[in-house]
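Engineer: fold the following and give me the result.
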Amino acid sequence: MARLHVPIRLRWSDIDAYGHVNNSAVLRLLEEARIAGFWGHDPSDVDEDGDLAAPIIDGRPGSGTMTVIAAQRLEYLASIPYQRRPLDVQLWIGRTGGASIDVSYEVWSPAGVEPAVLYTRATTALVMVDAATERPRRLTDAERAACAPYTEPPVVFARP
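Structural biologist: You can find the predicted model right below:
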């Protein structure tokens, strides 16, 4: 199976008075990675190789689907210092339900930095919602097929 690797740059405003990324800013980092992985792309959006990556769930405005967060859990393992190179946010599908998926994350130091540091583990429960009715809807066969290559066991937290 494969994980999505989404490079996410820190902003100076993400840093708090203690000199590390604030816990609320980590939620934004996860959101940015999730949107990069799940939303459809505009033709001008290409990756580093010049390829247009297909989304797992097309959640763009006008797509007919909204993804609504039902729950989130984060475990901070190390403080994230400010750094100019983008963090390596890895995400995968930890569980697929009838109308929801659980997205698992690991936030790592920038790619190529040694030793690699795992800063945060997290999970987000996303419910698929029909944009017209604003009611939950079941995942389609196409969405399940798009999730399959990115499905791994869910993140395991140190504290139950």
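Engineer: residues in contact with the spatially closest residue to Phe157 that is not a sequence neighbour?
Structural biologist: Distance criterion C-beta to C-beta, 6 or more residues apart in numbering; nearest residue to Phe157, sequence neighbours excluded, is Glu75 at 5.0 Å. To be clear about C-beta, it is placed using only N, CA and C from the backbone, and glycine gets the same treatment. Residues counted as contacts of Glu75 (C-beta atoms under 8 Å, 6 or more residues apart in numbering) are Thr120, Arg121, Ala122, Phe157, Ala158, Arg159.
Engineer: and Glu75, how far from Thr123?
Structural biologist: For Glu75, the distance to Thr123 (C-beta to C-beta, to the nearest Å) stands at 9 Å.
Engineer: sec struct for the residue nearest to Phe157, please.
Structural biologist: strand (DSSP: H, G, I helix; E, B strand; the rest coil).
Engineer: from Asn23, how far out is it?
Structural biologist: 11 Å.
Engineer: can you name the farthest residue from the center of the protein?
Structural biologist: Computed with C-alpha atoms, centre = their mean, the residue of the chain farthest from its C-alpha average is Ala17, at 26.2 Å.
Engineer: return the list of helices and strands in contact with the helix or strand where Tyr105 lies.
Structural biologist: Taking DSSP states H and E as the criterion, Tyr105 maps to strand 100-108. Using 3 or more C-beta pairs under 8 Å, 6 or more residues apart in numbering; DSSP states H and E, the elements in contact with strand 100-108 are helix 23-38, strand 87-96, strand 118-130.
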